[in-house]
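**Student:** sharing a sequence plus its predicted fold:
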Amino acid sequence: MTRPAKDFFAPLAVGAPSPLRDIPARPSRAIHFFDPGNEKMAAKVPGMVGTVDVLLGNLEDAVKQEFKEKSRQGLVDIAKSTDFGPTQLWTRVNSLDSPWGLDDLITLVTEIGDKLDVIMVPKVQGAADIHYVDRLLAQLEAKAGLTRPILVHAILETARGVANIEEICGASPRMQGLSLGPADLAADRRMKTTRVGGGHPGYLVRQDPPRVDGETKYDAERTIYQQDLWHYTIARMVDACAMHGIYPYYGPFGDILDVQACEDQFRNAFLLGCVGAWSLHPAQIKIAHRVFSPSVEDVAHARRVIAAMGDGTGAVMIDGKMEDDASVKQCQVMVRLAEELAAIDPELKQQYDAIELTEA
Ligand code: GLV
Ligand code: MG
């Protein structure tokens, strides 16, 4: 059931904070996962503040069932004792059909709700799941006396979730974004893969066989092109998120040592419109920060086009290429993102500022 427009932004519990009208574009190039119940990992968290856009305490998959309560309590302890400064704190709670999901929400919102920016909800199937979380969060926020609403991020990892993608994005003003969950999604769709994200050498197209002297040479050497298994799903996510003013993300890339393929997947997602990806290892933080930040060359070009286009209408030729009202809008997207990132990343700011001097 959709709420009428006049009620869409009303709090769902007496005393709960008002929902936001717009979801802020806070930098979230890398969402770094840690297990708060693992003492070694937990001890590193305070030292990571400021080195990554988002730290996410993971309570769901990858945490063994006998450690679920320990991880939840670990997150409460870390959040209470850490000043996160510019770094966002997110969590991934257990799924709504698990025995832990409800206690995760109750404990986290009432104990550390003031520290949590976003709650990631796994295995979301449709708007009903978001409505359930939405009301519950409002009640818990009111109980905890919170003054700002906690946002919700859904993982797209079931066939039903993909089929219901638009209604999920529009189900609540709390919706912050969507992540691709390639591992669960592959299983749910009965894809014949055994990996966590990334491509597959079997998913390819082959060049046509050459014709030699009027004969087709089927056994000739032919170039093959590996295709992207996730293109369709990411493109759907990007459209659904853009339509609702929220943000799409690539999810996990499981082959930690294959930094090159990880970078390729992240870059494809960036080019298609995603704003970030998950990081399962510190090496992936660096990749995501690099890939999801516009390059110096792109920012320089975008600024040139914007300057040349004046009021943004008409057409100009720059380096032999036509630029017009539409390409200047693409350039504005690039420059806006660069400005948002420069505001929290001094190294990037220096690089972007330096171009301005040389390009002026
Ligand atoms: C992430 O949760 C995935 O299933 O890929
Ligand atoms: Mg999953």
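**Tutor:** Arrived safely, thanks for sending. Ligands and ions are numbered 1, 2, ... in the order given.
**Student:** what pLDDT does the residue sitting nearest the centre point of the chain get?
**Tutor:** Geometric centre of the chain, nearest residue: Tyr249, 2.5 Å, by C-alpha atoms, centre = their mean. Tyr249 carries a pLDDT value of 98.
**Student:** secondary structure class for the nearest residue to it once chain neighbours are set aside?
**Tutor:** With sequence-adjacent residues excluded and distances taken as C-beta to C-beta, 6 or more residues apart in numbering, Tyr249 is closest to Ser179, at 4.3 Å. All C-beta atoms are positioned from the backbone trio N, CA, C, and that covers glycine. Put simply, Ser179 is strand when judged by DSSP: H, G, I helix; E, B strand; the rest coil.
**Student:** quick one: Ser179 and Trp278 touch, right?
**Tutor:** Yes: assessed by C-beta atoms under 8 Å, Ser179 is found in contact with Trp278 at 6.8 Å.
**Student:** close to ligand 2: what parts of the stretch 101-250 of the chain are there?
**Tutor:** By C-beta under 5 Å from the ion, the residues of the stretch 101-250 of the chain that approach ligand 2 are Glu157, Gly181, Asp184.
**Student:** buried ones among those?
**Tutor:** Glu157, Gly181, Asp184 (16 or more other C-beta atoms under 10 Å).
**Student:** which of the residues you listed sits closest to Ala269?
**Tutor:** Closest approach to Ala269 among those (C-beta to C-beta): Gly181, at 13.5 Å.
**Student:** tell me who's in contact with that closest one.
**Tutor:** Gly181 makes contacts with Pro122, Lys123, Ile155, Leu156, Glu157, Gly251, Pro252, as judged by C-beta atoms under 8 Å, 6 or more residues apart in numbering.
**Student:** list the contacts of the closest residue to it other than its chain neighbours.
**Tutor:** In this structure, Gly181 finds its nearest non-sequential neighbour in Glu157, 2.9 Å apart by C-beta to C-beta, 6+ apart. Applying C-beta under 8 Å, 6+ apart to Glu157 gives the contacts Pro122, Lys123, Leu180, Gly181, Pro182, Ala183, Asp184, Leu185, Asp188, Gly251.
**Student:** distance of the fourth one from Trp230?
**Tutor:** For Gly181, the distance to Trp230 equals 11 Å [C-beta to C-beta, to the nearest Å].
**Student:** rewinding a little: may I see the contacts of Gly181 organised as JSON lines, with distance to Ala283 and secondary structure added?
**Tutor:** What follows is those, written out as JSON lines (distance: C-beta to C-beta, whole Å; DSSP: H, G, I helix; E, B strand; the rest coil):
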{"residue": "Pro122", "distance to Ala283": "24", "secondary structure": "coil"}
{"residue": "Lys123", "distance to Ala283": "27", "secondary structure": "coil"}
{"residue": "Ile155", "distance to Ala283": "22", "secondary structure": "strand"}
{"residue": "Leu156", "distance to Ala283": "25", "secondary structure": "strand"}
{"residue": "Glu157", "distance to Ala283": "24", "secondary structure": "coil"}
{"residue": "Gly251", "distance to Ala283": "17", "secondary structure": "coil"}
{"residue": "Pro252", "distance to Ala283": "13", "secondary structure": "coil"}
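**Student:** farthest pair within the residues you listed?
**Tutor:** Pairwise distances across the contacts of Gly181 (C-beta to C-beta) peak at 14.4 Å, for the pair Lys123 and Pro252.
**Student:** distance to Ala13 and pLDDT added to the buried ones among the residues of the stretch 101-250 of the chain next to ligand 2, as CSV?
**Tutor:** Below are these laid out as CSV (distance: C-beta to C-beta, whole Å; pLDDT from 0 to 100):
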residue, distance to Ala13, pLDDT
Glu157, 29, 98
Gly181, 29, 98
Asp184, 31, 98
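**Student:** and which of those is nearest Gly85?
**Tutor:** Taking C-beta to C-beta as the measure, Gly85 lies nearest Gly181 of those, at 28.9 Å.
**Student:** residues of stretch 232-247 that come out buried?
**Tutor:** Neighbour-count burial for stretch 232-247, counted by 16+ other C-beta under 10 Å, picks out Thr233, Ile234, Arg236, Met237, Val238, Asp239, Ala240, Cys241, His244, Ile246, Tyr247.
**Student:** now stretch 343-359
**Tutor:** Buried, per 16+ other C-beta under 10 Å, within stretch 343-359: Asp345, Leu348, Gln351, Tyr352, Ile355.
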